[in-house]
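>>> fold the following and give me the result.
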Amino acid sequence: MSTRTASDSNDPIVENASELAAPMIKGEKPRDRWRIGTEHEKFVYRTADHRAPGYDEPGGIRDLLMALTRYGWEPVYEGGNVIALSGSDGAVSLEPAGQLELSGAPLENLHQTCAETGRHLKQVKEIGAELGLGFLGLGMWPDKTRAELPIMPKGRYKIMLGHMPRVGTMGLDMMLRTCTIQTNLDYMSEADMVQKFRVSLALQPLATALFAASPFTESKPNGYMSYRSHIWTDTDPARTGMLPFVFDDGFGYERYIDYMLDVPMYFVFRDGKYIDAAGQSFRDFLKGELPALPGEKPRLSDWNDHLSTAFPEVRLKSFLEMRGADGGPWNRICALPALWVGLLYDQGALDAAWDLVKGWSIEEQQALRDAVPSEGLDAPAPGGGTLGELAHRVLDIAAAGLAARGEVNSMGDNEVGFLEPLRRIAKNGKSPAHDLLDRYEGPWNHDLSKIYDELSF
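Sure thing, here's the model as predicted:
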């Protein structure tokens, strides 16, 4: 989640809704300036007893962040607490229960992306060895209750933790017990954004199935391939879901702004502090009638903050954010951007992917989204067959798109190889969660502590 470091007091005041498209228009870039941003979260645990460390304890999350500064990271503070790091590789930040996230820098190709991932994981593993900390790549804590997890000292999280139980039954699980991999990609124009939004939204359930890795809750199978994905179905219906209006004629920036104006607010950031505005209306804010700040109108930075508080399967800010994947091991961190870059950054591949999904009805898309958390790649695909069978066609399109980009490393390898982990999953026909369940029933003999030995970075 976003980390604010300044109040942006010199930011322009927004006088009316027509100005709210500014971040999206600013995001338009020519093809040669398109970049790849990759975000990945991981669970932090004590190697001695698998406990989730607190923020303040010796060798805990604060000490982890401060130790990372030896690699050139600069600490970011909120209320006297270091809550993030900034550097040439992007930002390191904290999720609500201490999940550690790298929000990578915008990079030109997947070779750079995977090198960035490698640098980050090497750093945290070196520090972890000194502090007695390990790092786990999964979609959900496999064995922790909410009560066993710490809370990080970030103002926006305090507001969200208070608000979540009012609007859904699983929002606290989303905040405290899940991890994801996400990819942020650019667009050339409003029309290009629309095509990319539609393709990525329709195919987001496929990414969920290919990355599904959260089949355990509190040390037992939970009946799902991606329980993380299931959690989103009852987190907050006003700010989650498949957004069927994206497929309406005339969809563009204006319609997405209308959607965001209907998403209730969480907070306003002023003078280094988060002011609780949970459940209040940005439309009222535009009129100077926000109860949390009566008489004030929003600044553009307030709107940018608000854009970060909706959690649909694909999110629009000044780029498009792919949000469907569970956290996972090192090679799948590189595979997720490979999938979406291959599909969206070559026009031939984008057109082919659109041809694949453009006949899907809104009802079929929703049925697929509903089925994937429990069925994974076995979910029925629109038009017949399973999602696992569809995966081969989609991965072929992505591979062709990556090959067409012609981005090679010093060894002469192009970007297609980053899809190989997904090829293996598709060939097997089973989501990664199946493998975890097989180990649980087989060699682990129902001892889920083995997951720390085999799934840690």
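
>>> C-alpha only now, for contacts and for neighbours.
Will do.

>>> R405: what's it in contact with?
Neighbour list for R405: D346 [criterion: Cα atoms under 8 Å, 6 or more residues apart in numbering].

>>> what's the separation between the residue nearest to the spatial centre of the chain and A238?
What sits nearest the mean C-alpha location of the chain, by Cα atoms, centre = their mean, is Q182, with 3.8 Å. Relative to A238, Q182 is positioned 21 Å away (Cα to Cα, to the nearest Å).

>>> F216 is in contact with P142, isn't it?
Yes - at 4.9 Å, F216 counts as touching P142 under the criterion of Cα atoms under 8 Å.

>>> and the closest residue to G383 other than its chain neighbours, what's its pLDDT?
Among residues not flanking G383 along the chain, W360 sits closest, at 7.9 Å (Cα to Cα, 6 or more residues apart in numbering). Looking at W360, its pLDDT stands at 98.

>>> assign W360 to helix, strand or coil.
coil (DSSP: H, G, I helix; E, B strand; the rest coil).

>>> and it, how many neighbours?
14 (other Cα atoms under 10 Å).

>>> which ones are touching F251?
Contact analysis of F251 by Cα under 8 Å, 6+ apart lists V194, F245.

>>> what ranges do the strands span in the stretch 251-400 of the chain?
267-270, 273-276, 311-312, 314-316, 320-326 (DSSP state E, counting those that start in this stretch).

>>> and of those, who's closest to F282?
strand 267-270 (10.3 Å; Cα to Cα).

>>> partners of the closest one in the sheet?
strand 273-276 (antiparallel) (DSSP bridges).

>>> what does the strand it pairs with rub up against?
Contacts of strand 273-276 (Cα under 8 Å, 6+ apart): G79, G155, R156, I159, Y266, F267, V268, F269, A292.

>>> mind checking pLDDT for the closest residue to the last one other than its chain neighbours?
Yep, that's A292 we're talking about. Excluding the flanking residues, the one nearest A292 by Cα to Cα, 6+ apart is A277, at 5.6 Å. Listed pLDDT for A277 reads 98.

>>> low-confidence ranges in the protein?
1-9 (pLDDT under 70).

>>> for it, longest strand please?
Counting residues, the longest strand found in the chain (DSSP state E) is strand 36-46.

>>> distance from the chain centre to it, please.
Taking Cα atoms, centre = their mean, to the nearest Å, one finds the center of strand 36-46 at 10 Å from the center of the full chain.

>>> what distance do you get for the residue of the chain most remote from its centre to E289?
Relative to the centre of the chain, and counting by Cα atoms, centre = their mean, the farthest-placed residue is G295 at 34.9 Å. For G295, the distance to E289 equals 6 Å [Cα to Cα].

>>> just E101 next, same as before
In this view, E101 and E289 are 36 Å apart by Cα to Cα.

>>> give me the number of residues near M265?
Using other Cα under 10 Å, M265 has 23 other residues around it.

>>> re earlier: wouldn't the residue nearest to A292 be in contact with F285 here?
No - counting by Cα under 8 Å, A277 stays clear of F285, with 10.2 Å between them.

>>> between the two, which is the more surrounded one?
Between A277 and F285, F285 has the larger neighbour count (other Cα under 10 Å), namely 24 against 20.
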